[in-house]
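1. Starting from these lines, generate the structure:
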Amino acid sequence: MTTKETMPFQAEVQQLLQLMIHSLYSNKEVFLRELLSNASDACDKLRFEALSDPALLEDDPELRVDVDWDEQAGTITIRDNGIGMNRDEVINNIGTIARSGTREFFARLSGDQAKDAQLIGQFGVGFYSAFIVADRVTLTTRRAGMGAEHGVRWESDGTGAYTLETVDCPARGTEIVLHLREEERKEFLGSWQLRSVIGKYSDHIPLPIRMRKLGEDGKPGAEWETVNKASALWQRPKSEISDEEYRAFYKHISHDFGEPLAWTHNRVEGRLEYTALLYIPGKAPFDLWDQRQTHGIKLYVKRVFILDDAEQLLPRYLRFVRGILDSADLPLNVSREILQGNRVIDQIRSGITKRVLGLLEHLATEEPDKYQRFWTEFGRVLKEGPGEDFGNREQIARLLRFASTHSDTEVQNVSLMDYIGRMREGQDKIYYITADSFLAAKNSPQLELLRKKGIEVLLLSDRVDEWLTSHLPEFEGKRLVSVAKGDLDLGSLESEDERKAQEATEKAAQGLVERIRTALGDRVETVRVSHRLTSSPACIVLGERDMALYMQQLLKQTGHEMPSSKPILEINPQHPMLAQIEKETDAARFADWSALLLDQAILAEGGQLEDPASFVARLNQLMLALAH
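-> Numbering: from 1, shown residues only. Down below sits the predicted model:
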């Protein structure tokens, strides 16, 4: 046995402990849910490792979790015979928290106890919930496969440090003893109280949770009994599972204290045999945009837990889905490597992808308010779908929602089918514009002619929208066309008289166009009379395959090399500013006016000027000249 060491907590852990002890009182019973969930996970991990090394089960193959209490000592004990931990794992798993998760956890805290308590399990800090009710916690553990002399005891009162010592530990697994505060003993010390909490949060855990039977004297006896259903909920008939059980199971597998938005539970039989229980969360997880984030699908084979977060089971654009998949057609020793390129997995992946998309279609059609909540949380992720999943592109496209000039509000609630239903007679294209913000899209000068004609335009302001439109060229036979790229062809929406008037304007402005093109030189691809402007002096137009200026700038800032391309400057000769410029006879001042016209157009499109100081100096000089 080694000397007991005292070690300081990581600074973030100290903050978290203070939060647990002093703030999160609205859901005290959450501690038992979290500790039982951790114990269940430890048993699942041992079951998986024992597939390749059966000796890890030692002489105790029946995995379980025991919950005990001692009224006189004021303690609750939670004991599992799962994988256990060695000394380094205890330090890494309990003395520290993953830095990124910790920062995000504290950033999400709102001061609302109920909401803050919901974050505990989701951010991987569930163990510390023990300090909501305990003023001292003792953890004793031994990793499966190691000798009894390698047991580790961890203890802390939650005030900033913990002790660590090596002890003899005959049984593998982990035992956690909570020394309850005096005021918590009445609420939690007792068979009925503990059974009630277990039934509420952990009834669905698919391994036995045991408590001691009460004797005639009301005291716990020597005999143990299982107090939860201890069956794989997903294997039970749907007709026998209540909505409350479905919700409780979601909280168990997702470590999310909030309610799921929707779920789908189905069993597939035939050439392939598997069961899937999949959930759409009510809120986006904190790591939704983390590139290292893995998918939330747990893989079981014949009810044996195999892999957590098996990313091969769903495409990345559905990474928000949580749930389990239990297959009868995979080997028990399946690994992540075997999953890659596995034909059975590919078929299962295709099946459950369609299942999730079908669930979303049902929500969109039958429960639009609930679907709008989904879109607010996960819409930007779903927009990745058309570029990743060509086979389901049309189905995904039907699920997309956008803002548009139909309502001019930032709410994204316009579907492509809604847009088509409102198209003008003779309109054969779906018009859209991408911008860095909703207001930039809404107020873009490129919309002027279409607004005047009452033609609806989709206002796209999510950064993923450039990616989306590049992979969704059409919908229901209608091309998606950017109003800010290439020539604006309105087809039959424009009369012959309007076309002739446009040709006349272009002809009359040829001299002005040539003068501006000469003044700007190689800063532009060309200069031409605009077909889209009615009230602005000028705008930037890109080639049909060019990326929006704001996206080009964003990629440059992140170190990406961008191919050099020059913009097209379109001018509105009927604007008073252009009339004033045309009268300018001084060549140098005309060049300044032309440069100012271009710079303003670039800024309006969310681009960044290469020489902003020259722009300011030129603007000041022209303003002074006008003042005199």
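
2. what's near enough to touch the spatially closest residue to residue 395 that is not a sequence neighbour?
-> Nearest non-adjacent residue to residue 395, counting by C-beta to C-beta, 6 or more residues apart in numbering: residue 357, 5.2 Å away. All C-beta spots, glycine's among them, are computed from the backbone N, C-alpha and C. Contacts for residue 357 were tallied using C-beta atoms under 8 Å, 6 or more residues apart in numbering; they are 392, 395, 396, 399.

3. which helices and strands does the strand or helix carrying the third one pack with?
-> Read it as residue 396. For residue 396, the host element (DSSP states H and E) is helix 393-399. Here helix 393-399 touches helix 343-366, helix 385-388, helix 416-421, going by 3 or more C-beta pairs under 8 Å, 6 or more residues apart in numbering; DSSP states H and E.

4. What are the contacting residues of stretch 303-317?
-> With C-beta under 8 Å, 6+ apart, stretch 303-317 has contacts from 44-45, 47-48, 51, 206, 232, 235, 294-300, 321, 325-326, 330, 332, 334, 336, 339-340, 342, 345, 348-349, 352-353, 356, 381-385, 388-389, 396.

5. Quote the end-to-end distance of it.
-> Start-to-end span of stretch 303-317 (C-alpha to C-alpha, to the nearest Å) is 27 Å.

6. Can you mark which positions in it are buried?
-> For stretch 303-317, the neighbour count (16 or more other C-beta atoms under 10 Å) marks 305, 306, 307, 308, 310, 311, 312, 313, 314, 315, 317 as buried.

7. Just give me the closest of these to residue 516.
-> If you rank the buried residues of stretch 303-317 by distance to residue 516 using C-beta to C-beta, residue 317 comes first, at 44.5 Å.

8. and that closest one, that's in a strand?
-> No - under DSSP: H, G, I helix; E, B strand; the rest coil, residue 317 sits outside any strand and is assigned helix.

9. what about it, distance to residue 384?
-> In this view, residue 317 and residue 384 are 4 Å apart by C-beta to C-beta, to the nearest Å.

10. Helices of the stretch 201-350 of the chain, residue ranges please.
-> Ranges of helices in the stretch 201-350 of the chain, per DSSP state H, counting those that start in this stretch, are 243-254, 336-339, 343-366.

11. Remind me which helix or strand residue 623 belongs to.
-> With DSSP H and E as the test, residue 623 turns up in helix 612-627.

12. which helices and strands does that helix pack with?
-> helix 587-604.

13. Quick one, grab the pLDDT at residue 77.
-> Listed pLDDT for residue 77 reads 97.

14. what do you get for residue 600?
-> 89.

15. next one: residue 22
-> At residue 22, the pLDDT value in this model is 60.

16. go on, the one 10 residues further on?
-> The confidence metric pLDDT takes the value 89 at residue 32.

17. quick one: which helix or strand includes it?
-> helix 30-52.

18. For whatever helix or strand comes next after that helix, buried residues please.
-> Next along the chain after helix 30-52, taking DSSP H and E as the criterion, comes strand 65-70. Applying a neighbour-count criterion of 16+ other C-beta under 10 Å, one finds 65, 66, 67, 68, 69 buried in strand 65-70.

19. what do you get for stretch 465-481?
-> The neighbour-count check on stretch 465-481 (16+ other C-beta under 10 Å) flags 465, 466, 467, 468, 469, 472, 475, 480, 481 as buried.

20. I'd guess the second one is in a strand, am I close?
-> No - assessed with three-state DSSP, residue 466 is helix; it does not lie in a strand.

21. Wait, it touches residue 432, no?
-> No - look at residue 466 against residue 432 with C-beta atoms under 8 Å: they stay out of range, at 10.8 Å.

22. how about the strands in the stretch 351-500 of the chain?
-> 403-404, 429-434, 458-460, 474-475, 478-482 (DSSP state E, counting those that start in this stretch).

23. what does the first one contact?
-> To tie it back to what came earlier, the one meant is strand 403-404. 409-414, 419, 438, 441-442, 456-461.

24. Give me the neighbour count for residue 8.
-> Neighbour count for residue 8, taken as other C-beta atoms under 10 Å: 11.

25. Beta-bridge partners for it, please?
-> Beta bridges link residue 8 to residue 161, judged by DSSP bridges.

26. Kindly report the same for residue 267.
-> Beta-bridge partners of residue 267, counted by DSSP bridges, are residue 275.

27. Roughly how far does it sit from residue 325?
-> Look at residue 267 and residue 325: by C-beta to C-beta, they are 11 Å apart.

28. What of residue 601?
-> Counting by C-beta to C-beta, the separation of residue 601 from residue 325 is 53 Å.

29. One more: residue 624?
-> Distance from residue 624 to residue 325, by C-beta to C-beta: 71 Å.

30. Mind putting the strands of the stretch 351-500 of the chain into a markdown table with distance to residue 189?
-> Below are these laid out as a markdown table (distance: least, C-beta to C-beta, whole Å):
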| stretch | distance to residue 189 |
| --- | --- |
| strand 403-404 | 55 |
| strand 429-434 | 61 |
| strand 458-460 | 58 |
| strand 474-475 | 62 |
| strand 478-482 | 64 |
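
31. Reformat the ones you listed as JSON lines; add distance to residue 253 and mean pLDDT.
-> Shown next, in JSON lines, are the strands of the stretch 351-500 of the chain (distance: least, C-beta to C-beta, whole Å; pLDDT from 0 to 100):
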{"stretch": "strand 403-404", "distance to residue 253": "35", "mean pLDDT": "95"}
{"stretch": "strand 429-434", "distance to residue 253": "37", "mean pLDDT": "93"}
{"stretch": "strand 458-460", "distance to residue 253": "35", "mean pLDDT": "95"}
{"stretch": "strand 474-475", "distance to residue 253": "35", "mean pLDDT": "95"}
{"stretch": "strand 478-482", "distance to residue 253": "38", "mean pLDDT": "93"}
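
32. what about the nearest residue to residue 479 once chain neighbours are set aside, how many residues close to it?
-> Excluding its sequence neighbours, the residue lying closest to residue 479 (C-beta to C-beta, 6+ apart) is residue 429, at 5.1 Å. Neighbours of residue 429 under the rule other C-beta under 10 Å: 17.

33. same check, this time on residue 284
-> 15.

34. can you pull the contacts of it?
-> Residue 284 neighbours (C-beta under 8 Å, 6+ apart): 320, 377, 378.

35. next one: residue 261
-> For residue 261, the contacting residues are 279, 280, 281, 282, 363, 370, 373, 374, by C-beta under 8 Å, 6+ apart.

36. so residue 454 sits right up against residue 424, yeah?
-> Yes - counting by C-beta under 8 Å, residue 424 is a contact partner of residue 454 at 6.9 Å.

37. neighbour count winner among the two?
-> Neighbour tally, residue 454 and residue 424, criterion other C-beta under 10 Å: the higher count belongs to residue 424, 13 against 10.

38. Look up the pLDDT of the more buried one for me, please.
-> 90.

39. State the distance from it to residue 228.
-> Distance, residue 424 to residue 228, using C-beta to C-beta: 61 Å.

40. again with residue 375
-> Taken as C-beta to C-beta, the span from residue 375 to residue 228 is 36 Å.

41. now swap in residue 170 and tell me
-> Using C-beta to C-beta, residue 170 is found at 26 Å from residue 228.

42. higher neighbour count, these two?
-> Legend: neighbour count by other C-beta under 10 Å for residue 170 and residue 228, higher for residue 228 (21 against 9).

43. for that one, what are its contacts?
-> 198, 199, 202, 203, 204, 205, 208, 209.

44. The first one reaches residue 67, doesn't it?
-> Yes - counting by C-beta under 8 Å, residue 198 does reach residue 67; the two are 6.9 Å apart.

45. Mutual contacts of those two, please.
-> 32, 36, 209, 211, 227.

46. burial of residue 323, as a residue count?
-> 26.
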